[in-house]
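Engineer: next come a sequence and a model predicted from it.
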Amino acid sequence: MNPPSPYARSSYAPVNPDFTDGEEPEDNDYLRRWWVMVLERKWYALAAFVVIVAGVSAYTFLSTPIYAGQVTVQVLKHGSQVMRVADVVDSNITSEPDFNTQIKVLESLTILQNVANRLTPDELRLLLEPYKSHAGEPPSPASIIYHNRQIIPQRLSLMTAIEFRHPNPKIAARVANLIAVEYIAYNSRLRVEESLKAVDDLKDRADQQRKRVDEIANSLLAFRQRGNLISLVQSKDIVTEKLKALNMMGTQTNAHLKEAEVKWNQVQEWTKAGRSLSELPFITSQAKVGQLLVQVTTQKLSVTQLRDRYKDKHPRLIEAVNALNQTEQELQASLATAAESIKAEYENAVQTDEGARKALADQETKSLEIDKYAVEYDNLNRDFRVNEQLLESMMSRMRETSVTSSIETESARIIDRAYEPGNPVSPKVFFNLTLGVLAGLVAGFSVAFLIATLDDRIKTISAVETLVDLPLLGVIPEVKRMDQPDKAQIVSNGSDPAIVEAFLSLYSNLRINDESRNARLILVTSTLPSEGKSFITTNLGLTFASQGQRTVIVDCDLRKPNVERSFRLQTTAGVISYCLQGSALDDIIVKNVHPYLDIISTGGRAKNPIQLFNSKEFETLVVELSKRYDRVLFDTPPLGAVSDALNILPLMDGAIYTIHFNRVRRKAAQQCTRRLLAVNVPVFGAVMNGMNTGITGDYYMENNSKLFKEYYNPGGEPPVTSQSS
């Protein structure tokens, strides 16, 4: 596959002559974009608008008038109380869920059925009359009330509105009032019924409770007689005092035992280790041991002094040593005696502690026996008191409930009663029509936007450059109400100055780039038929000729030739006769159709154009024309229909791609441009033809279509300029 053409977009400088440096301004005008979408598809939007408005109008003016009766009810936070006694049914409103519960009671089917039962026969007839039909039985009164009533709680209050709608204003007010009255009566009946049920239930429970109290009293009396509980209280006090004393004594003996045990353990450890017991404080604290320790210390000091003064055989030293030995023997005997006394003290402490523990355990056993009787007695006595109090509470509550059940109280009151309405609430003519208009506008905009979303045709300059990936050479405005020959020669007859100026702009753009400025052989093609490629070819040729360049237009659309008709010519010789019949070049050229402009027609129709375009004769024709003329324009068939142009393109210096405004789909244009670029022949750019010059066209041209109109003033005086300009 050939590489993409280097002349596609990146190497071609002038994108749009109206934009500086080839850059387009950013389009952030979203509101205008929407408006253009609607204008372009105004008939779809108008149809949707008319359908919606007509439907709403028909519904509004053909509907039966509906009247609304409305009652305002205040739900009381606390029901009226004659006595300070709690009701069996709690009707106090203390939270939002309580209020919502009352609203649900208002909406209940029980209330509505009771309202239907309250209506008189005449009122029932008026209620059912609008719903009678020949198709079947009318709905039940409760069903009619259910579907036409509305409960409307008032925000941040305990007020609620009860509304009933009906074609008969009298029935609307009557039913609304009955709903409020029945709601209040329902709550009162509910309280009375629940109170009477509670009285009967309390009476049964009180009889059962009385039997229970009698049984416990008899059990308590029998237990007293069996356990002699009159002296049990005094015995409990004595045992408790003894238990306290024994517990204190046990604590003391245990502490003494631990102290004696520690001393005896130290004596055993010192003896086993061969250490002197004189190092233990509780041994040295004994008087005799302490005296002997002092004597030993004094005598050792004396012996030391004598050794320093005398020799070992000196009598005084020998006497002092003997005295020291005697004292140490006495000390050892005293230490042994002290150790025996510590052992005896420990054994005595063990016996004393065991005796205290046994006495304490015996006393605790005795106390537990007494507690066992006391616990059983206390349980019976407590059970008796509790059941006796419960019986008294039941009797008191039964009397209170019996009294309050006969007192009528209200949990709600009517603030505003419903009166017969004078004006219907439905249909709301002004509201419905306004809503219909708004809905129609929304539907119209939505339909237009939906169609615009599904529409992928190329309409804008930016779409040509970004989607088709070709630089835009020029924009040709739409030509209206003009014959084909006049339209094909509009540059020469000057019937539309804006179009003439557009082709001059196209000519200028082609001269900016070296490739297009020096190109002699230029192919013009398009995506689809009727995009105006022949119109572009003829008028571009006239533009070249008007600038003094020798130009020839070659009609290469051998299937549907158009150039000959565009110039009102009748020829028999052309491209076909030259290539197939050997006609001379001068014989097929129609010279001086306009100054500097010649024409070569097809000379008929060909069955196999591709074979002709690939022939040496056609190649020779192209070469000869490039020698004779400054510009040779080849009008070729649309690339989306046939591939004739691709067979001619390798012989060309470049190509111009024609795109008709709002006609070519993006995908088709992209496919065709890719095929053109694959030939590796310069594609100078695209020309957008047939641009709408109205509001939508001005938008799609990105606000540049007015520039020429504001500058050019046909039929008037030229704009006054300063000398410097």
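Structural biologist: Ah, there it is.

Engineer: my guess is Y310 contacts E319. True?
Structural biologist: No: counting by Cβ atoms under 8 Å, Y310 stays clear of E319, with 10.8 Å between them. Yep, even glycine has a C-beta here, placed from its N, CA and C like the rest.

Engineer: compare the two (neighbour count), which wins?
Structural biologist: Neighbour count, other Cβ atoms under 10 Å: between Y310 and E319, Y310 has more, with 14 against 11.

Engineer: just checking, L433 touches G55?
Structural biologist: No: contact criterion Cβ under 8 Å: L433 and G55 do not qualify, at 11.7 Å.

Engineer: hey, what's in contact with both of Y310 and E319?
Structural biologist: Counting by Cβ atoms under 8 Å, 6 or more residues apart in numbering, Y310 and E319 have no common neighbour.

Engineer: before we move on, the earlier item: out of L433 and G55, which sits in the busier spot?
Structural biologist: Neighbours were counted for L433 and for G55 using other Cβ under 10 Å; L433 has more, 16 against 13.

Engineer: measure the more buried one to I52 for me?
Structural biologist: With distances taken as Cβ to Cβ, to the nearest Å, L433 is found 11 Å from I52.

Engineer: any idea of the mean pLDDT for the helix or strand where N689 lies?
Structural biologist: For N689, the host element (DSSP states H and E) is strand 683-691. Mean pLDDT, strand 683-691: 91.

Engineer: over to stretch 604-616?
Structural biologist: Averaged over stretch 604-616, pLDDT sits at 90.

Engineer: for that stretch, what is the distance to the chain centroid?
Structural biologist: Remark: stretch 604-616 is offset 65 Å from the chain centroid, using Cα atoms, centre = their mean, to the nearest Å.

Engineer: do the same with stretch 315-327
Structural biologist: That offset, for stretch 315-327, works out to 111 Å (Cα atoms, centre = their mean).

Engineer: contacts for that stretch, please.
Structural biologist: For stretch 315-327, contacts defined as Cβ under 8 Å, 6+ apart pick out 292, 295-296, 299-300, 302-303, 306-307, 310-312.

Engineer: between L433 and G55, what contacts are shared?
Structural biologist: With Cβ under 8 Å, 6+ apart, L433 and G55 have no common neighbours.

Engineer: can you measure across stretch 469-479, start residue to end residue?
Structural biologist: Distance across stretch 469-479, first residue to last, is 26 Å (Cα to Cα, to the nearest Å).

Engineer: what residues sit buried inside it?
Structural biologist: Across stretch 469-479, burial judged by 16 or more other Cβ atoms under 10 Å covers 469-479.

Engineer: nearest to N493 among these?
Structural biologist: V479 (11.8 Å; Cβ to Cβ).

Engineer: what's the closest non-adjacent residue to that closest one?
Structural biologist: Counting by Cβ to Cβ, 6 or more residues apart in numbering, V479 lies nearest to K487, which is 5.2 Å off, once chain neighbours are set aside.

Engineer: mind listing what the one you found touches?
Structural biologist: With Cβ under 8 Å, 6+ apart, K487 has these contacts: 479, 535, 566.

Engineer: any chance of the buried residues of stretch 469-479 in CSV, plus distance to Y377, pLDDT and secondary structure?
Structural biologist: Listed next are these as CSV, based on distance: Cβ to Cβ, whole Å; pLDDT from 0 to 100; DSSP: H, G, I helix; E, B strand; the rest coil:
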residue, distance to Y377, pLDDT, secondary structure
D469, 109, 82, coil
L470, 113, 87, coil
P471, 115, 90, coil
L472, 114, 90, strand
L473, 120, 91, strand
G474, 120, 90, strand
V475, 116, 91, strand
I476, 120, 90, strand
P477, 119, 90, strand
E478, 117, 86, coil
V479, 123, 86, coil
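
Engineer: please consider this matter closed, and thank you.
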